[in-house]
Each structure stands twice: as C-alpha cells, then as structure tokens.
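K.L.:
have a look at this prediction, sequence included:
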Amino acid sequence: MAAVGCTTAMPVALFDTTTALEPLRAQIDAAIADVVAARRFILGPEVAAFEQEFAAYCGTRHAVGVANGTDALTIALRALGVGPGDEVIVPSFSFYATAEAVPATGARPVFCDVERDTLCISRATVAAALTPATKAVVAVHLFGNLAPVAEIEALGVPVLEDAAQAAGTRGDAARPGALGSAATWSFFPSKNLACFGDGGAITTDDDAIAQAARMLRFHGSHDKVTYEQIGYNSRLDELQAAILRVQLPHLDAWADGRRAAARHYEQAGLGELVTLPVASPGSEPAWHLYVVRSERADELAAGLPGHGVGCKAYYRTPIHRQPAMAQFAASAELPVTDEVARTHLALPISPVLSAEQAREVVAAVRALLG
Ligand SMILES: *Cc1c(COP(=O)(O)O)cnc(C)c1O
C-alpha cells in the first residue's frame with residue numbers, strides 16, 4: 001500500500017494496517033501453526049504469557065485477557081464494584097462502547113464534556129457531572145492522547161482508563177494502563193496493537209480487581225466448579241494471544257512511527273489550514289487517529305476522497321445523542337462535545353506514513369480549503 005519509489009501522487013489510505021506487519025508475517029504464521037499443533041485454544045500458555053508480557057509493558061502487576069474491549073470495560077467496572085443504583089461518568093465524545101458498557105453493569109452512564117484542545121475529559125468536566133451516586137469515572141485516552149487521570153482521581157472517585165486507543169502512548173508518570181484503578185484495552189484489528197479478530201485486556205495493580213476480572217471472564221467462577229457470580233464467557237483466545245505476542249515487542253517502534261507521521265504533518269504546514277491535535281501536558285501520544293478540527297470539516301470529508309486521501313468523521317453524533325442513550329442523556333448539556341463532534345475529521349495515519357504522503361495530504365487539504 002505504501003507509495004514506494006513512485007513519483008506521481010498515490011492514494012493515501014486512512015489506515016495502513018498491513019505495511020508495518022509485513023516483516024512479521026512469517027513469525028506470525030509460525031506462531032499460529034504452533035497453537036494449531038498444540039491444540040490448546042482457550043486459556044492456555046499463550047494467553048498466560050501474553051498477560052505477563054503485556055503487564056510488564058504497561059508497568060502493572062496484572063493483565064487479564066478478555067474477548068474484546070467492550071467486555072473489558074463491563075468486566076472492569078463490575079470488578080470495581082459498579083452495579084445497579086450507581087452512576088459512572090463517561091465522555092460522550094468517544095466510541096459508543098465506552099458508554100454502552102455501563103448499563104450492562106446495571107449502573108447509569110452520566111455524560112461529561114471534553115476539553116476543546118486535548119479532546120479528553122478533565123477534572124473540571126468530571127466535577128460538573130459528579131453526584132453522591134458517582135461510583136467511577138471512565139477516562140478515555142481519546143485518539144491516543146492522555147486523559148489527566150491523577151487530577152480526576154483527586155476528586156475522590158476511582159478512575160477506569162479506557163486505553164483502547166492508547167497503546168504505545170507514553171506519559172511522564174507512567175504509561176496508560178497503569179494510571180488509574182484499572183484500565184481496559186481493545187486489540188480490534190484497527191488499533192495500535194491489534195490481533196486478527198476480536199481481543200481485549202484489563203490491566204491493574206490491584207490484586208482484588210484482577211482476581212474479580214479473572215472470575216467474571218469465566219462465568220463467575222474461580223475453579224470451574226463453583227459459580228459465585230453471574231459472569232461472562234469472555235476470553236482472549238490462544239491464537240490471538242500468540243499473534244499479539246509477536247507484535248508487542250514492535251509496539252514502541254510503531255508508536256514512534258505514528259509520532260513521526262504527526263511531525264510530518266506539522267512540517268508540511270497542515271497547521272496553517274486546520275487546527276492540529278494537541279498532546280496533553282506530559283504525554284507523548286501514539287496517535288491512534290490523527291484528528292484535526294475545522295469549521296469546514298464536512299467540505300473536507302466530501303472532497304478529500306476525490307484527491308485520493310482517506311478521511312473519516314468518527315463521532316459526528318456523540319454518544320449522548322444516540323437513540324439508545326436518550327434515557328440517560330435528558331439533562332446532558334455538552335457544548336464542547338457538540339462542537340468537536342461537528343468539526344473533527346481524522347486524516348490518514350499509520351506507523352509508516354511518510355513525509356511525502358503527509359505532503360500529499362496537506363496539498364489536498366490546501367486545494368480544498370485554499
Ligand atoms: C475500540 C474501542 C472500544 C471497544 O473495543 P472493542 O474491542 O471493539 O469491543 C472501546 N472504547 C474505545 C475508546 C475504543 O476505541
């Protein structure tokens with residue numbers, strides 16, 4: 001997909017999920033063949049090894065593999081003690097699953113606003129949504145940017161990080177995954193660390209949360225004999241764990257490639273045309289999506305494909321305006337969310353987006369807006 005050695009403009013896809021993986025193909029194929037030969041498919045040695053390696057990467061005591069990032073949120077919330085009668089504060093400017101996981105625990109999602117520059121929630125936006133019933137906050141590290149977890153925790157409420165978009169991001173204090181009471185991950189094929197299907201994980205330093213998550217992912221049972229709670233059948237499987245183990249050692253280099261791509265855009269002058277993403281203080285985001293803002297975002301979205309440039313408005317209708325959430329959103333007034341929902345647009349990014357590709361994208365943006 002990369003335009004290697006080509007002098008004419010080539011299409012720049014929104015995602016390039018193949019080029020960076022190409023050198024690992026033989027290793028991944030061998031890892032898959034090993035699992036098939038061993039005929040151990042559920043909760044075996046690959047998942048156990050990946051859990052150890054991913055916990056070490058995040059700097060946490062525990063990682064618990066689950067079936068996907070949505071289940072990870074529901075299971076982690078329940079492991080934190082969230083249930084009927086509780087409120088959980090969530091951003092509305094995020095992927096729908098961030099809020100969908102809350103009613104699945106019996107609790108109510110309460111929507112909070114985001115900051116216009118970082119597009120993440122903050123102490124101030126959470127404080128405005130806090131009530132005596134607030135049991136937890138889900139802090140989404142949106143697009144790979146870091147939400148200020150410690151500042152939010154200082155309000156006296158536990159924070160669950162939704163780190164689905166933040167694999168490879170670095171923070172001053174620690175990596176995402178190790179900042180809150182627990183964190184959830186998705187290894188959906190488009191994420192920064194991705195498997196060949198669905199997969200997810202929960203990371204935490206807390207022994208009790210990890211133990212509860214392990215029980216909940218296996219039908220609410222520690223020993224497959226006694227079923228203590230109504231749980232889930234939600235496991236990361238051996239094939240996906242084996243695939244993730246091959247990739248994990250490369251995650252930091254890929255994240256560096258994403259940061260380099262962002263610099264290519266800056267150097268190509270994109271900031272003269274649209275508002276560029278802003279890294280949170282003390283963070284080095286591994287941009288999962290490169291999301292710019294413009295009052296003319298819809299014009300760009302309509303015109304860029306004609307210039308061979310992929311783009312997407314991910315959250316034009318924020319979660320609190322989705323039909324399924326009407327029952328929870330009656331009183332939500334989120335002016336910044338409504339604004340950024342209208343003005344955001346994701347431009348192509350990947351670990352291998354070149355300076356030349358960035359210049360092509362900027363030229364197309366300039367042609368449409370100039
Ligand atoms: C992808 C994503 C999820 C859900 O992950 P799945 O593995 O698709 O269930 C949750 N939250 C955010 C912010 C995501 O980007």
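P.N.:
Structure received. Numbers count the residues shown, from 1 in each chain.
K.L.:
number of nearby residues for the closest residue to Val149 other than its chain neighbours?
P.N.:
In space, and not counting its chain neighbours, Val149 is closest to Leu179: 3.9 Å by Cβ to Cβ, 6 or more residues apart in numbering. In this view, the C-beta of every residue, glycine as well, is placed from N, C-alpha and C. By other Cβ atoms under 10 Å, 26 other residues sit near Leu179.
K.L.:
what of Ala26?
P.N.:
By other Cβ under 10 Å, neighbour count at Ala26 equals 10.
K.L.:
look up how far the ligand lies from it.
P.N.:
From Ala26 over to the ligand the distance is 27 Å, taken as Cβ to the nearest ligand atom, to the nearest Å.
K.L.:
returning to that earlier point: the residue nearest to Val149 reaches Gly171, doesn't it?
P.N.:
Yes - counting by Cβ atoms under 8 Å, Leu179 touches Gly171, with 6.8 Å between them.
K.L.:
could you report the pLDDT at the residue in the chain that the ligand sits nearest to?
P.N.:
As assessed by Cβ to the nearest ligand atom, the ligand sits closest to Gly69 within the chain, at 2.5 Å. Here, the pLDDT recorded for Gly69 equals 98.
K.L.:
which residues sit in contact with the closest residue to it other than its chain neighbours?
P.N.:
Distances taken as Cβ to Cβ, 6+ apart place Ser186 nearest to Gly69, at 2.5 Å, with adjacent residues excluded. Each residue near Ser186 by Cβ atoms under 8 Å, 6 or more residues apart in numbering is listed here: 68-70, 72, 164, 199-200.
K.L.:
let's see that with 10 Å instead.
P.N.:
66, 68-73, 95, 97, 162-165, 167, 192-195, 198-201 (Cβ atoms under 10 Å, 6 or more residues apart in numbering).
K.L.:
same question, Phe143
P.N.:
Applying Cβ under 10 Å, 6+ apart, the residues contacting Phe143 are 94, 118-120, 165-166, 169, 277, 285-291, 314, 344, 346, 349.
K.L.:
thinking Asp34 is in contact with Ala49, fair?
P.N.:
No - the pair Asp34 and Ala49 fails to qualify as a contact (Cβ atoms under 10 Å) at a distance of 11.9 Å.
K.L.:
can you list residues touching both of those two?
P.N.:
Ala242.
K.L.:
got the residue ranges for the strands in the stretch 201-350 of the chain?
P.N.:
For the stretch 201-350 of the chain, the strands defined by DSSP state E, counting those that start in this stretch cover 283-284, 290-293, 344-347.
K.L.:
for this structure, what spans make up the helices?
P.N.:
For the chain, the helices defined by DSSP state H cover 25-38, 45-58, 69-79, 97-100, 123-127, 149-153, 207-217, 238-247, 251-267, 297-303, 326-329, 335-343, 355-369.
K.L.:
any chance of those helices in a markdown table, with distance to Ala13 too?
P.N.:
Listed next are these as a markdown table, based on distance: least, Cβ to Cβ, whole Å:
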| stretch | distance to Ala13 |
| --- | --- |
| helix 25-38 | 19 |
| helix 45-58 | 28 |
| helix 69-79 | 23 |
| helix 97-100 | 24 |
| helix 123-127 | 34 |
| helix 149-153 | 33 |
| helix 207-217 | 35 |
| helix 238-247 | 20 |
| helix 251-267 | 13 |
| helix 297-303 | 15 |
| helix 326-329 | 34 |
| helix 335-343 | 23 |
| helix 355-369 | 10 |
